[in-house]
Structure formats: structure tokens, C-alpha cells
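Colleague: Okay, sequence plus prediction incoming.
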Amino acid sequence: MSHPDWKLTKRTTGLRSLDRLLHGGLPENQATLILGQAGTGKTVLSLHILAEAIRRGEGGVFLSFEESPAQLKRNVDSFAWGGTLHESDDWSVIDVRDAVGMETAGEFDIEALMAAISARAKRFERPWIVIDGIDQMMKHQPEPSVAVEQIRQVNERCADSGWTLLLSGKLGNEGVAPRHLEGIEYMLPTMLLLKAQVINRRLQRRARVSKYRGSAHVTDEVPMVINDQGIQFPYQTSEEKAEAIGSTERVSSGVTRLDDVMGGGPYRGSSILISGRPGTAKSTLAAGFAEAAAERGEKALYISFDEMEAPYVRNLASVNIDLQPHIDQGRIRFHALHAWSALLSEHVLTIDNLIEDFRPDFLVIDPLSALVKAAGSEEAQPAIERILDRSRRLGITTVMTSLIDENDPEGESTMGSVSTIADTWLVLGHNVRAGERNRSLSIVKSRGTAHSNQQRELLLSSEGIDLADVYEYGTEVLMGTARAQKAAEQREIENRLEMERMQRRQDLQRRIDQARGEMERLESELDLVDQESKETRRAGRRLARDIQQRRESRSSTGQGGRKP
């Protein structure tokens, strides 16, 4: 079955992020109106779309009412795709600017303009037609209604000829109607509205698809960035179709005892938040995570808003974390950024591009709370959610550090509300007691994991990072010198008790020995008594025999002396 003529067909712009806003591209064989104030990127957007079309083997015609062909070429030279326009013959520029000092009279000859376009476009199949500065053309039409009618004629001509038309114009002082063309916004099927606003002395551009008849589209007003790659929409740079994988594999934090209290370590693909005040070792612990990932043969991307690579790597060596070999071998990529150097949307775009280029298994953003300080930071939480959503979908294990909210006395509230979306939340703090400051670690939450609820002392030494065993004293958990002092006191008590036990044992042993000696003496006396008893019995028996023998002897003597 052939495609119905009335069916909406879309044409890719070549800008992936813009196509996602438009759910596939701009309407083919129809006109799209791009409106904005000066400096919002109308011309750049049109040229970028045209350059991408040429890169795909298509062609187009660009009508300029404001800049000369030489100016346009100079303007695109700063973009990565500028060479495509410079080197290609698949596009043509028509200079329709008013001559300097020219005075005009009568109506604008729209037919002559269409004839000029047709002459250039006929060598292309399905060309793109860009009319840049449509308001400059229509200002010569004294009757606004006639001007709108002429634009309608241009739109119908495009549909009949198979052209896809881009019209750009400046916004009027009120509403969303272009100058000299009030009412055109109701006639054309698709309209992009570009804005520019100064935030914290920095220009921020935004875009919105204000209408798109016959098609679903993103209705939010989204940030727009112009850099050496051209036009990009940071929050629309990746596919949203992939689902996050619920891996049951555990990955090590690099600290054995921390893994133990987390049920074996965090899940692969999960997000870990490390929050705390300055100096609590957030970055150091994050670096330990990254080193452990590299030692497993994984690729780790470390994005730092606080540190430069060389001094950071040097400082980590003092706690036995050596990132340099992994950096040299390409397993760890360190990228330093500055919160003040760009808009929030630009930072998000940079992070997206780094992920796209490096394809890490492990990501560290240190600290994520720096995004709150960037210009345009009113969008910090959606931006952070966007970064985490993408890392989850790509199966990247993500570690984020964050300063705590200065207004939170408990130290368990993070800037940008990152803690609400992280899977695991580690809170680092200072335990100050008796004039000594010790670092502590506790696990506030760890989704899907049975974990310890006790606060532990975080130890940093030349041997590395470690956690001390919990030392409870009554209702307190002691750390540092207090822990050592109490442990020494406890050992002293135990030693004293042990000595008392030994002394008592010796005393009992002595008494046992004495009892044994007395028993031996008594046994000797008993033996002597027994011997005496035996001797007495033997003497009695001998005496009885002697008496018996004497009796028998006297009896025998008496009988022998008597005569018969």
C-alpha cells in the first residue's frame, strides 16, 4: 500500500538531541518557523541542519536577508561541521539583502523569489530550503494580511515541490509573533521558539517546541548550547528506551571492612552518594572506589570540580592510593572542570559527551554539589537526575560526592537533594571530643542491602583507608584518642584482674600443695599405724603360740613322772 498524501512524514534534522525533542524530526514538505530574539541561534540552527543534510548526501538552498555569503562562511568556520559547507557544492546561497541606501516602493515580489529558489533547487532531490530573516523580507509588505498570505503561498509551493522549508524570524516586542508577520504562527504547522537570558552575568539559551501539529513532541522548555559542535540540547542527548539492569553482582569499594558492613559492597550499576563537610575524606574515599574498579580491569571516569589531576594524584599517594599507573594505561580518565566556567546545561553536556566517548564502567563526579553553583543552577536537581538516569541505563556504577547543606545541623541533607535518588548513602563526619577531631562514617541507606547502622571511625594512613571496629562505651561510640585511652584503661583493668586471678590461682595452688603435703604426712602416719597394728597382731599371735607351747610342754612333763 502506498503512503497516503495526507500522512505526516518526518525528516531527520541530523541533530540527535533535536530529533528527540521532535520525536523523530521535522515535518517533510512543510514549513517550520524558528523564532527568537537576536543572539538566540536561529541562523546557526538552520545552517547546522543544512550541514547535516549535506553530510547525508542531500542538498539545499539558503536565502539570506541579513548576512552576505562571505559572512555566513566566516560564521560557520568556527564549527566542527563548517568544513562540510565550505567544501560542498550541494548547497547554494542566495543573497537577497537590500542594497545599501536602496529605497523601496510597492509590494515584495514573492513570485520572483520563488523563481530564484526553484532555479537553484531543481538540481537537488528533496532539498532543504532555508529563508533566514523572513521578517526582513516581509517588512517591505505594507499589508500584514498580504504578507501572511504570501508565506502561505511559499508553504504550499514547498509542499507541491517536495521541499522542506525552514523560516527564521525575530520575535516582536509582545507575544510569539514575528515582526511584520502577526498571525503567521497560527498558520504554519510547526514552530520552534528560541530564547536567550542572562543568568549570573552569563548568557543562557533555551528552546521550546511551541507547536507541532500531528505529532507528539517534548513540550518542556529545555536548555540549548552553542559550542564548537554547533547546536546541542543537553538533556536530550541519549536514548531513553534502554531499561536499567538490576544486577545482583557486588563490586568492591576498595575498603574491605566497608564492603563487609555493606553486605559485600554496592551493586554493580547502582549509585553511591558520599556526603559530608569539607575535610571528611569524601574525595579520598571516592578515589578508592575508582582505584578498585581499575584494579578489576574496568574503565573509570573521574570528573572533578575541585581538583587538578597532578596534585590530586600526588596527594592520594600519601594514603596508598596510586592512580597514576591506571591513568597511564587508560583505565582511569581524569577530567577537571570548574563550576563557574560554564552553565549547568553546558556541564551536563560535557559529562554526557565524556561518557559517550570513554564508555566507562565506573563514574565518579566529585563533587556533584558543584553543579548547584553553576549558572542556571535552578535546574540542578533535574540535571542530576538526568545524569543518574543515564548512568543507570548504561549500567555504570556511579559514585558522587556532595557537600552537606549548610543549614542542616545534623549533616544529613545534601545540596541539590541528591540523597533522595542515590541507592546508597554514606555520610562522613567529624567526631570532635576532648580537643581532637576524628573522621567517622555511617551508612544512612543502602537499597536492597542489609547494612550496619553503627557509626565507625574512618582511618587514613600510609597503609590506606580502613574502618575501625565499633568501640562502644555505654551509649557512646568512642573514636581516636578517647577510644585509645578507654581501650588502655580497659586493658589495665583486664591486666589487673588477670593478675588477681593469677595470684588467687597461685594461692589456691599453694593451699592445694599444702593439703597434699598434709595428706601425705597423714597417709604416712596411717601406714605407720597400720604397720604397728600388724606388728601388734603378729606379736599377739606369737605370744599365743608361746603360751600354747608352754602349756603343752608342762602337760607332757606331768604325765611322764606319774607311776602306774
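Modeller: Yep, that arrived.

Colleague: and the residue nearest the centre of the chain, what helix or strand is that in?
Modeller: Relative to the mean C-alpha position of the chain, the nearest C-alpha, by C-alpha atoms, centre = their mean, is the one of residue 398, at 4.0 Å. Under the criterion DSSP states H and E, the helix or strand holding residue 398 is strand 397-403.

Colleague: In its sheet, which strands sit next to that strand, and in what direction?
Modeller: The pairing partners recorded for strand 397-403 under DSSP bridges are strand 271-276 (parallel), strand 362-366 (parallel).

Colleague: right, and these - which one's nearest residue 458?
Modeller: Shortest distance between residue 458 and these, using C-beta to C-beta, is found for strand 271-276: 9.7 Å. No exception for glycine: its C-beta is placed from N, CA and C like everyone else's.

Colleague: any idea of the mean pLDDT in the strand holding residue 398?
Modeller: In this model, strand 397-403 has a mean pLDDT of 92.

Colleague: Same question for stretch 444-452.
Modeller: On average, stretch 444-452 scores 84.

Colleague: Centre of the chain to the strand holding residue 398, how far?
Modeller: Its chain's average C-alpha position is 5 Å from that of strand 397-403, according to C-alpha atoms, centre = their mean, to the nearest Å.

Colleague: got a list of contacts for it?
Modeller: Residues outside strand 397-403 that contact it (C-beta atoms under 8 Å, 6 or more residues apart in numbering): 251, 266-278, 282-283, 286, 289-290, 293, 361-369, 388, 391-392, 414-416, 418-419, 422.

Colleague: how about the helices in the stretch 151-300 of the chain?
Modeller: Assigned by DSSP state H, counting those that start in this stretch, the stretch 151-300 of the chain shows helices spanning 184-187, 256-261, 282-295.

Colleague: Show the subsequent helix or strand relative to the last one.
Modeller: Next in sequence after helix 282-295, counting helices and strands by DSSP H and E, comes strand 300-304.

Colleague: Kindly point out the strands partnered with that following strand and how each is oriented relative to it.
Modeller: strand 332-336 (parallel), strand 362-366 (parallel).

Colleague: Out of these, which one sits most buried?
Modeller: Among the strands paired with strand 300-304, strand 362-366 has the highest mean neighbour count (mean count of other C-beta atoms under 10 Å), at a mean of 26.

Colleague: pLDDT averaged over that one, what's the number?
Modeller: Averaged over strand 362-366, pLDDT sits at 95.

Colleague: now it against helix 282-295, angle please.
Modeller: Strand 362-366 runs at 160 degrees relative to helix 282-295, counting by axes from the mean of the first three to the mean of the last three C-alpha atoms, to 10 degrees.

Colleague: next SSE after strand 362-366?
Modeller: As assigned by DSSP H and E, the chain's next helix or strand after strand 362-366 is helix 380-393.

Colleague: Show me what that following helix is packed up against.
Modeller: Applying 3 or more C-beta pairs under 8 Å, 6 or more residues apart in numbering; DSSP states H and E, we find helix 380-393 packed against strand 271-276, helix 344-358, strand 397-403.

Colleague: and the angle for that helix with helix 344-358?
Modeller: Using the same axes, to 10 degrees: helix 380-393 against helix 344-358 is 10 degrees.

Colleague: tell me which residues in helix 380-393 are buried?
Modeller: Across helix 380-393, burial judged by 16 or more other C-beta atoms under 10 Å covers 380, 381, 383, 384, 385, 386, 387, 388, 390, 391, 392, 393.

Colleague: Now pLDDT too, for the residues you listed, in CSV please.
Modeller: Output for the buried residues of helix 380-393, formatted as CSV (pLDDT from 0 to 100):
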residue, pLDDT
380, 78
381, 79
383, 83
384, 85
385, 85
386, 85
387, 87
388, 88
390, 88
391, 90
392, 89
393, 88
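
Colleague: so can I have a markdown table of those showing distance to residue 459?
Modeller: Below are the buried residues of helix 380-393 laid out as a markdown table (distance: C-beta to C-beta, whole Å):
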| residue | distance to residue 459 |
| --- | --- |
| 380 | 33 |
| 381 | 34 |
| 383 | 35 |
| 384 | 31 |
| 385 | 34 |
| 386 | 36 |
| 387 | 31 |
| 388 | 30 |
| 390 | 35 |
| 391 | 30 |
| 392 | 32 |
| 393 | 36 |
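
Colleague: Among the residues you listed, which one sits closest to residue 542?
Modeller: Looking across these and measuring by C-beta to C-beta, the closest to residue 542 is residue 392, at 112.3 Å.

Colleague: give the contact list for the closest residue to residue 338 other than its chain neighbours.
Modeller: Spatially, and ignoring its direct neighbours in sequence, residue 338 is nearest to residue 305 (6.7 Å; C-beta to C-beta, 6 or more residues apart in numbering). Residue 305 is in contact with 336, 337, 338, 339, 365, 366, 367, 370, 371, counting by C-beta under 8 Å, 6+ apart.

Colleague: nearest to residue 205, of those?
Modeller: Nearest to residue 205 among those, counting by C-beta to C-beta, is residue 371 at 18.2 Å.
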